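A.B. asks: Quick one, what's the 3D model for this:
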Amino acid sequence: MNMKTLEGDFTANDARIALVATRFNDFIVDPLVGGARDALVRHGVADEALTLVRVPGAWELPLIADRLAASGDYDGIVALGCVIRGGTPHFEYVAGECAKGLGQVSHQRSVPVAFGVLTTDSIEQAIERAGTKAGNKGAEAAMSLLEMISLLRRL
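C.D. replies: Prediction:
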């Protein structure tokens, strides 16, 4: 079977990328930022092509991601944050609207937005996903973004 297959790779090293990161839970988010930056630079993205934008919390990520996507200055955006479940429904509202909003930005602006927002039940789970047992989800989001930028260019 000679099916045509299109997929991205990690060679979009000329990409201009915005990292949008929350200040809330910065003890978790800062390692995510470091992981994303490291992954991108190791794959050839120039440090000068990266812009870090800080927002108060996960609720604010979609608005700023939308503004960055609309600017035309970026080939992609990595959204980084951490929402930890508490004893109230607050978690569901913030995590759900953040995810929905970032998805809408990507669809409406045709700019890939990688979801590097941890949504965990505990601080321990968040720590595991920010560079310990479960790897660094910031680095994983950055790699996903590079692949999407490459794929969009091939389409």
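A.B. asks: Which parts of the chain are strands?
C.D. replies: All strands of the chain, identified by DSSP state E, fall at 17-22, 50-55, 76-84, 113-120.
A.B. asks: out of the ones you listed, deepest packed?
C.D. replies: The highest average neighbour count among those, using mean count of other Cβ atoms under 10 Å, belongs to strand 76-84 at a mean of 27. Bear in mind the C-beta positions are built from the backbone N, C-alpha and C, glycine included.
A.B. asks: hang on, the earlier thing: now for the strands of the chain, which one comes closest to Glu128?
C.D. replies: When the strands of the chain are compared for distance to Glu128 using Cβ to Cβ, the nearest one is strand 113-120, at 8.4 Å.
A.B. asks: what's the neighbour count on Val41?
C.D. replies: In terms of burial, Val41 registers 15 neighbours under the definition other Cβ atoms under 10 Å.
A.B. asks: rewinding a little: compile the strands of the chain into a markdown table and extend it with columns for distance to Leu146.
C.D. replies: Putting these into a markdown table (distance: least, Cβ to Cβ, whole Å) gives the following:
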| stretch | distance to Leu146 |
| --- | --- |
| strand 17-22 | 8 |
| strand 50-55 | 12 |
| strand 76-84 | 8 |
| strand 113-120 | 9 |
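A.B. asks: So for Ala39, which of the ones you listed sits nearest?
C.D. replies: Ranking those by their distance to Ala39 (criterion: Cβ to Cβ) puts strand 76-84 first, at 9.5 Å.
A.B. asks: Tell me the helices and strands packed up against that closest one.
C.D. replies: Judged by 3 or more Cβ pairs under 8 Å, 6 or more residues apart in numbering; DSSP states H and E, the packing partners of strand 76-84 are strand 17-22, helix 26-42, helix 61-71, helix 90-109, strand 113-120, helix 123-129, helix 137-154.
A.B. asks: so what strands line up beside it?
C.D. replies: Strands adjacent to strand 76-84 in the sheet, as given by DSSP bridges, are strand 17-22 (parallel), strand 113-120 (parallel).
A.B. asks: and the angle from the last one to helix 137-154?
C.D. replies: Right, the one you point to is strand 113-120. Interaxial angle, strand 113-120 versus helix 137-154 (axes from the mean of the first three to the mean of the last three Cα atoms, to 10 degrees): 160 degrees.
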